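Peer 1: could you look at this predicted model? Sequence included:
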Amino acid sequence: MTERFAFYGLASNLMTFLTNELGQSTATAAKHINTWLGVSYLFPILGAFLADSILGRFKTVLLSSFVYLLGMVMLPLSVTVVAPRLREKAFFTALYVMAVGEGGHKPCVMTFAADQFGEASAEEKATKTSFFNYWYLCIVLGSSIAVLALIFIQERVSWSAGFSVIAGSVGIAVVIFLIGIPRYRKQVPVGSPLTRVAQVIVAASKNGD
């Protein structure tokens, strides 16, 4: 919920910030936004590979959460303590740190949640279904609240206040995630999918011979 709240709280009003606060033209701002969104949607490919091959889903979610939080903390700092001549560079650095964090979070967090429910128990199967219903509800709530409330804070109070609310929400979520660590079910990495693909190709070529 907080990840969607943070993402849409930033993305939905990013054009206004870049044009009004950083003085960019509409075309330049649109190019920067599209580039950032593209990178944010490409990094999950790498995150999924690392989770399945090396780190496992739990470690990937944990590390990416801290990276995402770091980017969020950098946002309000970029519009307050950073010198005006460095503000644009600091802001975009924060955005791309967030994109790296998204790369580990997006492909793993839902599957990690599914790992917490067993398939042998009918009760756990029912709980899993209920969990994902609430999951989707929280995603919609987080996105809706961000669009309605955060834009108001950013434009009527200050951008630093709006970014601070985002960072604070992600910080609370990370703390809650850390509290649950002793209870999580953690799956081990299954190895590189590229290795399995190569094995299939080799076996197919041998059968062809």
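Peer 2: Arrived safely.
Peer 1: could you look up the SS state of the residue nearest to the spatial centre of the chain?
Peer 2: Against the mean C-alpha coordinate of the chain, by C-alpha atoms, centre = their mean, the closest residue is residue 102 at 2.9 Å. Three-state call for residue 102 (DSSP: H, G, I helix; E, B strand; the rest coil): helix.
Peer 1: spit out the contact partners of it.
Peer 2: Listed by C-beta atoms under 8 Å, 6 or more residues apart in numbering, the contact partners of residue 102 are 3, 7, 40, 43-44, 64, 68. The C-beta positions use only the backbone N, C-alpha and C, and glycine is treated the same way.
Peer 1: tell me which helix or strand of the protein sits lowest on mean pLDDT?
Peer 2: For the chain, using mean pLDDT, DSSP states H and E, the weakest element among its helices and strands is helix 193-208, scoring a mean of 65.
Peer 1: mind jotting down where the helices sit in the chain?
Peer 2: For the chain, applying DSSP state H gives helices covering 2-11, 14-16, 26-50, 57-78, 87-105, 109-115, 122-145, 151-156, 159-179, 193-208.
Peer 1: which one of those lies closest to residue 186?
Peer 2: helix 57-78 (4.4 Å; C-beta to C-beta).
Peer 1: quick check: buried residues in that closest one?
Peer 2: When neighbours are counted by 16 or more other C-beta atoms under 10 Å, the buried residues of helix 57-78 are found to be 57-65, 67-78.
Peer 1: same question, stretch 120-131
Peer 2: Of the residues in stretch 120-131, those scored as buried under the neighbour-count criterion (16+ other C-beta under 10 Å) are residue 128.
Peer 1: from the chain's centre, how far out does it sit?
Peer 2: Centre-to-centre, stretch 120-131 and its host chain are 26 Å apart (C-alpha atoms, centre = their mean, to the nearest Å).
Peer 1: what does it contact?
Peer 2: Residues outside stretch 120-131 that contact it (C-beta under 8 Å, 6+ apart): 113-114, 117-119.
Peer 1: could you find the lowest-pLDDT member of these?
Peer 2: Checking pLDDT across the contacts of stretch 120-131, the minimum falls on residue 119 at 73.
Peer 1: now do the contacts for it.
Peer 2: Residue 119 sits next to residue 125 when contact means C-beta under 8 Å, 6+ apart.
Peer 1: picking up where we left off before, next, find the distance separating the residue nearest to the centre of the chain from residue 187.
Peer 2: Here residue 102 is placed at a distance of 21 Å from residue 187 (C-beta to C-beta, to the nearest Å).
Peer 1: on that earlier part again, which one of the contacts of residue 102 is nearest to residue 135?
Peer 2: When those are compared for distance to residue 135 (C-beta to C-beta), residue 3 wins out at 11.7 Å.
Peer 1: what's the neighbour count on the closest residue to the closest one other than its chain neighbours?
Peer 2: Sequence neighbours aside, residue 105 is the residue nearest to residue 3 in space, at 6.2 Å (criterion: C-beta to C-beta, 6 or more residues apart in numbering). The burial metric for residue 105, expressed as a neighbour count using other C-beta atoms under 10 Å, is 24.
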